[in-house]
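> Have a look at this fold, sequence not included:
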């Protein structure tokens, strides 16, 4: 039986999971790969003398780079550096590269894919978006005959857990976040989760893959869930839906992309409405298939590790042939400027007198607005749904209403998924 030697960079949660999967499923992995996969090195600054594979640890990346027997390098460190430097060095020196690092792929994916193509190698990253949910292969292969027009997803388990607690148990945001941290669903500093940065990186990867040119996170409008209140959750329920943090990208008639991450009202009839707790869901809309939904745990040690190992198997099977996975560098003006595309919104206002008077006043600036009534509305409070208006137009109207004595409590997008 032939042997394929690999190296693993990082022995944290995901890296140790990769070793666990490789060791516990060795026979079945060998059958699928048609070669035995051996971990020749694990790069980590720490030492793990208690582990049965303690002898493979190294602190020297150059040992890995200069070893001709290592054909595949797996990166599970996270962060942009030194991951990018290591990826570029490996792909420049005859080694295919597998990563679970969403920050790396979102920021430098086009460059690394081009380098892999130039050197007839593979750069694979299935685990970077959905953890254990297969989504990169389905978009690039299974749905390749479709013209994908839209993708929308619940792409972060921490925020989804928090919102689920707010919806089901009427738990305040701060309390739900604290619980998520206690249960290990959020980092001690979960700012990338609750502010939407994590979901932003993931939707950028999917947009780049589906539409063929790199979309950078800094070009994407991103909102988190820190401003969502129990009152907003109650209005969503009265409207007929729930609040979810959604990453979405749409192809516009102009050929540009509308892409954003934001909390949104979604209808209870949506296939994403019942994606709860730490689960993720990704909806891909194609012209031939219609809506296709991928669902599962978007993070976690073994789900993510299983996706990494699947990429390793794919690399082993394609050591002498490159898999076609590619997108170009960013095209100028690819992304439509935020705030110019007509959308639907929920708006929550409060006036100094009755709710009826606040509603009548709001309609002077938002003539198409429809009222949403929830139980236990505060005095003077009113909830509205406003359709077919751009963010820029809405902000102008809300500024006018604010100047006329109405207090703007919140505004939340309404999704059509």
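Perfect, thanks for sending it. Owing to the predicted nature of the structure, the values given are computational and were not obtained by experimental measurement.

> Specify the local secondary structure of the residue of the chain positioned farthest from its centre.
For the chain, the residue at maximal distance from the C-alpha centroid (C-alpha atoms, centre = their mean) is residue 353, at 42.7 Å. Following DSSP: H, G, I helix; E, B strand; the rest coil, residue 353 is assigned to coil.

> wait, what's in contact with it?
Contacts for residue 353 (C-beta atoms under 8 Å, 6 or more residues apart in numbering) come out as residue 380. No exception for glycine: its C-beta is placed from N, CA and C like everyone else's.

> Report pLDDT for it.
Model confidence at residue 353, given as pLDDT, is 92.

> Over to it: give its phi and psi.
For residue 353, the backbone dihedrals (degrees, to the nearest 10) come out as phi -120, psi -130.

> gap between it and residue 374?
Per C-beta to C-beta, to the nearest Å, residue 353 is found 19 Å from residue 374.

> cool, residue 11 as well?
On the measure of C-beta to C-beta, residue 11 and residue 374 end up 50 Å apart.

> Residue 276 too?
21 Å.

> try residue 176
Applying C-beta to C-beta to residue 176 and residue 374 gives a distance of 20 Å.

> Who has more neighbours out of the two?
residue 176 (22 against 17; other C-beta atoms under 10 Å).

> where's the more buried one, which helix or strand?
Using DSSP states H and E, residue 176 sits in helix 173-182.

> Sort out which residues of that helix are buried, please.
173, 176-177, 179-180 (16 or more other C-beta atoms under 10 Å).

> One more: stretch 275-288?
Per 16+ other C-beta under 10 Å, stretch 275-288 contains these buried residues: 275-276, 278-286.

> try stretch 112-123
Result for stretch 112-123 [16+ other C-beta under 10 Å]: buried residues 112-117, 119, 121-123.

> Greatest separation within those: which pair is it?
The largest separation in those, counting by C-beta to C-beta, is between 114 and 122 at 13.0 Å.

> if I look at residue 206, how far off is residue 140?
11 Å.

> Those two: which is more packed in?
Between residue 206 and residue 140, counted using other C-beta under 10 Å, residue 206 has the larger neighbour count: 26 against 17.

> Tell me the secondary structure at that one.
Looking at residue 206 with three-state DSSP, the answer is helix.

> Which residues are in contact with it?
129, 135, 139, 151, 153, 247, 249, 282.

> Count residues in the vicinity of the third one, would you?
If I follow you right, that is residue 139. Count around residue 139 with other C-beta under 10 Å applied: 23.

> you'd agree it is up against residue 148?
Yes: using C-beta atoms under 8 Å, residue 139 is in contact with residue 148, at 7.1 Å.

> Need phi/psi at residue 35.
phi -150, psi 150.

> For it, give its distance to residue 71.
From residue 35 to residue 71 the distance is 10 Å (C-beta to C-beta).

> what does residue 250 give?
40 Å.

> likewise residue 118?
17 Å.

> ok now do residue 99, which residues does it touch?
74-76, 83, 87, 105, 123-125, 127-128.

> cutoff 6 Å now
75, 125 (C-beta atoms under 6 Å, 6 or more residues apart in numbering).

> Tell me the bridge partners for it.
residue 75 (DSSP bridges).

> low-confidence ranges in the chain?
Applying pLDDT under 70 to the chain flags the ranges 1, 188.

> Can you tell me the closest non-neighbouring residue to residue 357?
residue 351 (5.9 Å; C-beta to C-beta, 6 or more residues apart in numbering).

> wait, residue 247
residue 203 (3.4 Å).

> burial count for that neighbour?
For residue 203, using other C-beta under 10 Å, the count is 28.

> repeat for residue 190
19.

> same check, this time on residue 273
Residue 273 - counted by other C-beta under 10 Å - has 18 other residues nearby.

> same question, residue 54
Residue 54 has 11 nearby residues by other C-beta under 10 Å.

> any idea how far it is from residue 47?
8 Å.

> List the residues that contact residue 43.
Contacts of residue 43 by C-beta under 6 Å, 6+ apart are 9, 58, 61.

> Can I get the buried ones among the residues you listed as something I can paste into PyMOL?
This is the PyMOL syntax for the buried subset of these, where burial follows 16+ other C-beta under 10 Å:
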select buried, resi 9+61
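
> Let me know the closest of the contacts of residue 43 to residue 100.
Nearest to residue 100 among the contacts of residue 43, with distances taken as C-beta to C-beta, is residue 9, at 10.6 Å.

> For that closest one, what are phi and psi?
According to degrees, to the nearest 10, residue 9 has phi -100, psi 110.

> same check, this time on residue 268
phi -60, psi -20.

> Name the nearest residue to it, ignoring sequence neighbours.
residue 241 (5.4 Å).
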